[in-house]
Structures are given as C-alpha cells and as structure tokens.
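K.L.:
okay, structure incoming, though there's no sequence with it:
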C-alpha cells in the first residue's frame, strides 16, 4: 500500500505539472502514454511491439493523438484514420498469407481506436481556449467518482454491481461515485458561472461518473479474458498505463462526442 501511495502521489504531481504547463509539454506526455498504452494492449493480445501489425497500429494511434493544432495542421478525421488503418491491416493478412489473421487485425484496429482516440481527446480538450479549466473539470469528476465509489462501497456496500467482472464493486459504491462526481462538477460551475452552468455541470458529472466506472469495468473484463492481473508494470502498485487510465480514455472522448464542451 505504501508503494502504491508514493507512486500515485509522484505520478499525479508530475502529470498535473505538465497539464498546467500545457502546449508541447502536456502533448508529448500524452503521446508517450498512448504509445505505452498501445504497447500494453498489443502485448495483451499476443503481439510484440515490432510485429508489422503492431507497427501499423502505432501509426494509427499517432494519427489520433498527435497535437495537430500545435503543428499548424488540420487533424485527419477519425473515419479516415480508421478506414486506412483497417485497409492496411486487412492487406497485411493477405501479404502474410494469414500469418496475421483477420482476428488479430481486428483486435489491433480496435486497440488503435480505444487507446489513440482516448488520449487524442485529452489532447484536443487541453488545446482549446478554456482547455485547462475543462481538463481539470473532467479529471476532478473522474478522480472523485473513483474515491466516492471506494469509500461509499466500504461504508454502505451491500449489493454487488457486477461480481463476474469486478467482485469488489457495489451498487451503493457506484451511486456514491455518481453523487460525488456531480457535486464536484457543480462546484466548478459555482466557481466559474460564466464558463459552466450548473445544469451542464450536473450532466457532465453524471456522464463522467457513469462512463468512468464503465471504463474501469471494460478493462477489468478484458484482463479476465486474458487472465492477467495488470496490463503492465510501469507504475509500481498501480500496474500499467491502461490500468491507470482506463476511465480517462472513455470519459474524454464521450464528453467530446456528446457535445458537452465548447470545442
């Protein structure tokens, strides 16, 4: 537990510092995290980082996560990236005479979207005019939802939420996480009424809590299928990038896609 706390505090301090700095500092961090996360994903599915299919996946991830606005260029559309990547991966199944199967190609295509678009959304939001504010709103909701779910579950948990996927999570804990997330989002609205209304804050808090908890369950479900405890070993006591960021890479894209931010 001590190792987990120390690692968490140091990693959080480093991440917050670069988020505050913004620009290339934050963007480069997100690119590195996306690359490491995709490496974990590929390994979970039996692909070495230097496998031709993995290399195509890395290219797709980069197309999603690179800070195009900082480079003075227009980002390619997600559909364009996905179609080209799908074509190249499917072509690889032909070139390799099915040594790379369509199943493997499909998994890596999904991974590029899951990891790349997730971290790319974080980059997109931070680069907006009020990007720092929105970044901290979303992270505030995600972190407090996790904390609320943990402590409410410990105090009041009686009914299992999804025992076959995550045995320790409870319905009471999930509700506690939602309530705390909404409260935190509302506090941001009260602090900056000209930027965020209370009504929208409540909706953002709800989406962050529900989507964040689902992101956690998605990663738990995947690790059970692969029969592994953690996606990686980068963060002692926490596992890998995907273990730590499973909620982030679901919440940020969803909030963007729902049009809840002025992006």
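P.N.:
Structure received. Since we're looking at a predicted model, the values are computed, not measured. Residues are numbered from 1 along each chain as shown.
K.L.:
using the three-state scheme, assign the residue of the chain positioned farthest from its centre.
P.N.:
Ranked by distance from the centre of the chain (CA atoms, centre = their mean), the top residue is residue 97, with 34.3 Å. Under the three-state scheme (DSSP: H, G, I helix; E, B strand; the rest coil), residue 97 adopts coil.
K.L.:
pLDDT value on it, please?
P.N.:
Note on residue 97: pLDDT of 95.
K.L.:
then residue 3?
P.N.:
68.
K.L.:
can you pull out the strands in this structure?
P.N.:
Taking DSSP state E as the test, the strands found in the chain are 160-162, 166-170.
K.L.:
quick check: mean pLDDT across the longest one?
P.N.:
Going back to what we said before, that points to strand 166-170. Mean predicted lDDT for strand 166-170 stands at 88.
K.L.:
so which bits of it are buried?
P.N.:
Across strand 166-170, burial judged by 16 or more other CB atoms under 10 Å covers 166, 169, 170. In short, each C-beta sits where N, CA and C put it, glycine included.
K.L.:
by contact count, what packs against that strand?
P.N.:
With contacts defined as 3 or more CB pairs under 8 Å, 6 or more residues apart in numbering; DSSP states H and E, strand 166-170 has these neighbours: helix 131-156, strand 160-162, helix 198-226.
K.L.:
which outside residues touch that strand?
P.N.:
If you take CB atoms under 8 Å, 6 or more residues apart in numbering as the criterion, strand 166-170 is touched by 149, 153, 156-162, 213, 216-217, 220.
K.L.:
ok now it, how far from the chain's centre?
P.N.:
Relative to its parent chain, strand 166-170 has a centroid offset of 20 Å by CA atoms, centre = their mean, to the nearest Å.
K.L.:
that one pairs with which strands, parallel or anti?
P.N.:
strand 160-162 (antiparallel) (DSSP bridges).
K.L.:
ok, and what's touching the strand it pairs with?
P.N.:
167, 169, 170, 171, 173, 174, 217.
K.L.:
excluding its backbone neighbours, what's nearest residue 22?
P.N.:
The shortest distance from residue 22 to any non-neighbouring residue, by CB to CB, 6 or more residues apart in numbering, is to residue 126 (6.1 Å).
K.L.:
and the one you found, how many neighbours?
P.N.:
Other residues near residue 126 come to 20 when the count uses other CB atoms under 10 Å.
K.L.:
how near is it to residue 82?
P.N.:
According to CB to CB, to the nearest Å, residue 126 and residue 82 sit 23 Å apart.
K.L.:
and the one helix or strand in the chain whose mean pLDDT sits lowest, what does it pack onto?
P.N.:
Least confident helix or strand of the chain, by mean pLDDT, DSSP states H and E, is helix 2-21 with a mean of 85. Judged by 3+ CB pairs under 8 Å, 6+ apart, helix 2-21 is in contact with helix 23-44, helix 131-156.
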